[in-house]
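Visitor: Show me the folded form of this:
(one chain, ligands or ions: 1)
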Amino acid sequence: MTIELPAINGFNRPHFVLIPLMAAGHTIPMIDMACLLAGHGAAVTLITTPLNAARVKATADSIHMSGDPINIVALTFPAAEFGLPEGCENLDAVPTLDLIPNFFHACAALREPLVVHLRQVPTSPSCIIADSFHPWAHDLAVEFGVPRFMFNGFCSFSLLCRYVIYHEKILERIKEDEEQFIIPGLLHRVEISKDQCPKSIGGTVMVDFRDKMMAAEALADGVVINSFDELEPEYVAAFGKATGKTVMTIGPMLLCNEEDAAKTGRGNQSAIDEERCLSWLDGRRPGSVVYVSFGSLAKTPPEQVMEIGLGLEASNQAFVWVIKAGERSPEVEEWIERERFEERTKERGLLIRGWAPQRLILGHPAVGGFVTHCGWNSTLEGVTAGVPMATWPHFAEQFLNERLVVEILKIGVSVGVKKATMFVKDGRKDGAEPAAVRREEVERAVRRLMEEDGEGKEVRERARVMGEKARKAMKEGGSSHLNLNRLVRFARERERAQ
Ligand code: UDP
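Guide: Below you'll find the predicted structure:
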């Protein structure tokens, strides 16, 4: 079943079918990708589900207004059939860890209705770009006889680390979760523990699914990466060499549209009036505000939320702090009220309770530092804004991204988190989770991040220079711009050859 949407006016253009994972950190970059491909001469169909389509309505409306040949197709998501709660169409809505496999199986069930849809549209697909969490996309591409590129939202460095760790079966030799080991064969010395590795290559759950995913990745015709060559040149080349695949860096894809309107409503509706947010930032000195946010999935325990608040207050720094809806537990609300936290810090703090217009905030000149969970989108948004980061990884490949930012690029400082925390409740564990980072450590990290002299000055300068390179990569003639042209040309030529 599909929702009726305007038909693609894209005859004579290669037709890309994009299949993101239903999670903000995977869908947002794929919508950007759709806009970029359309801007480079392709027609695009982006597959999602009704509730996810509703979340990105503002973006979909502006795409529609622009007249770009992009079709957003919402397929009914079979949540109940797979034992998921009603309305559970996004990874952030999966209530417990044991239901994650059900979510991926429900995603795989989209294949059949998608085939029906693609057989009905006037332009058949020329190329599929699917998230690696959709290994079933391999059979889909075979069925339509078209090439398939893989995308999973990682940077080249983390993709390479994950590839090496998985294929060399390193985790099988590591006994203790916390034991640090060196990832072999990298240009830099990078140490990590099993606990800090992406669960998609470690752990004992979903082993079959993981192997299926890696096998589908091995069969992909190429890899599309939301990064740019100048950021991690050795790792782009090394990942291509290790896998033998065509690797195309086409980012930062967030630069697909530079208008303020396009910077809001990304991934969801903002919980704050954007004008209010901008005018608050307008009243601050350039580079003086620290922005604190942990992406779309991470759930911070109440005690940790309070420690962050108190650490921010003690840092004496102006801040914008995002508390997600899931964290607005009664304890947190009660604490905010009891402590009169907002009132106490109102001279220099802005609290956003819910979805923040992150791109808009990070792009504002008042923002001078970003405390981030190191999700790759957020990291790249920080890089593009040219601001230094304080890294606080939680899960997935975020600890690897931290190593890239702090140890290799040297554009950030580490908060010092050692242990991974999952984004979804482990139903087998009870009790309140303690705060992993105390208020004094939060304060220290923020002060280090925002310091204008010494080490801080160098980190800031490197971050600024990298931001400039990011923009250059996406401009006409830039490395990512050229790769986008290559990608569209590849699809066109493959189509002609058939
Ligand atoms: N995001 C946002 N507002 C929020 C939270 C997240 O706009 O309040 C966006 C953020 O800018 C990024 C994406 O959601 O583009 C999150 O992706 P990321 O890879 O950083 O982390 P994840 O959510 O996958 O952990």
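
Visitor: Contact partners for the residue of the stretch 301-450 of the chain found nearest the ligand?
Guide: Distances from the stretch 301-450 of the chain to the ligand, computed as CB to the nearest ligand atom, single out G375 as the nearest residue at 2.2 Å. Bear in mind the C-beta positions are built from the backbone N, C-alpha and C, glycine included. Taking CB atoms under 8 Å, 6 or more residues apart in numbering as the definition of contact, the neighbours of G375 are 25, 295-298, 396, 398, 401.

Visitor: For this structure, what lies in contact range of the ligand?
Guide: Within reach of the ligand by CB under 6 Å from any ligand atom, the chain has these residues: 24-25, 28, 266-267, 293, 295-298, 322, 355-356, 358-359, 375-378, 381.

Visitor: Send over the lowest-mean-pLDDT helix or strand in the chain as CSV, restricted to the C-alpha atoms.
Guide: Using mean pLDDT, DSSP states H and E, the weakest-scoring helix or strand in the chain turns out to be helix 260-263, at a mean of 78. As requested, the backbone C-alpha atoms of helix 260-263 are provided in CSV (Å, rounded to 0.1, in the frame of the first residue of the first chain):
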residue,chain,number,x,y,z
ASP,A,260,17.4,28.6,6.7
ALA,A,261,14.0,27.0,6.0
ALA,A,262,15.8,23.8,4.9
LYS,A,263,17.8,23.7,8.2
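
Visitor: could you say what helices and strands that helix packs with?
Guide: Applying 3 or more CB pairs under 8 Å, 6 or more residues apart in numbering; DSSP states H and E, one finds that helix 260-263 makes contact with helix 57-66, helix 358-362.

Visitor: neighbouring contacts of that helix?
Guide: 59, 62, 256-257, 274, 357, 359-360, 363.

Visitor: and which of those is nearest to I72?
Guide: Checking the contacts of helix 260-263 against I72 by CB to CB gives T59 as the nearest, at 8.9 Å.

Visitor: Look at S66 and report its pLDDT.
Guide: Model confidence at S66, expressed as pLDDT, equals 89.

Visitor: next one: the one 4 residues further on
Guide: Looking at I70, its pLDDT reads 96.

Visitor: circling back: buried set for the least confident helix or strand of the chain?
Guide: Of the residues in helix 260-263, those with enough neighbours to count as buried (16 or more other CB atoms under 10 Å) are 262-263.

Visitor: Report the distance from it to the chain centre.
Guide: Helix 260-263 sits 18 Å away from the centroid of its parent chain (CA atoms, centre = their mean, to the nearest Å).

Visitor: Please apply the same query to stretch 312-329.
Guide: With CA atoms, centre = their mean as the basis, the mean position of stretch 312-329 lies at 21 Å from the chain mean.

Visitor: how about it: buried residues?
Guide: Neighbour-count burial for stretch 312-329, counted by 16+ other CB under 10 Å, picks out 312-313, 315, 317-324, 327.

Visitor: And the residue of the stretch 301-450 of the chain closest to the ligand, its phi and psi?
Guide: Summarising the backbone geometry of G375 under the convention degrees, to the nearest 10, its torsions are phi -60, psi 140.
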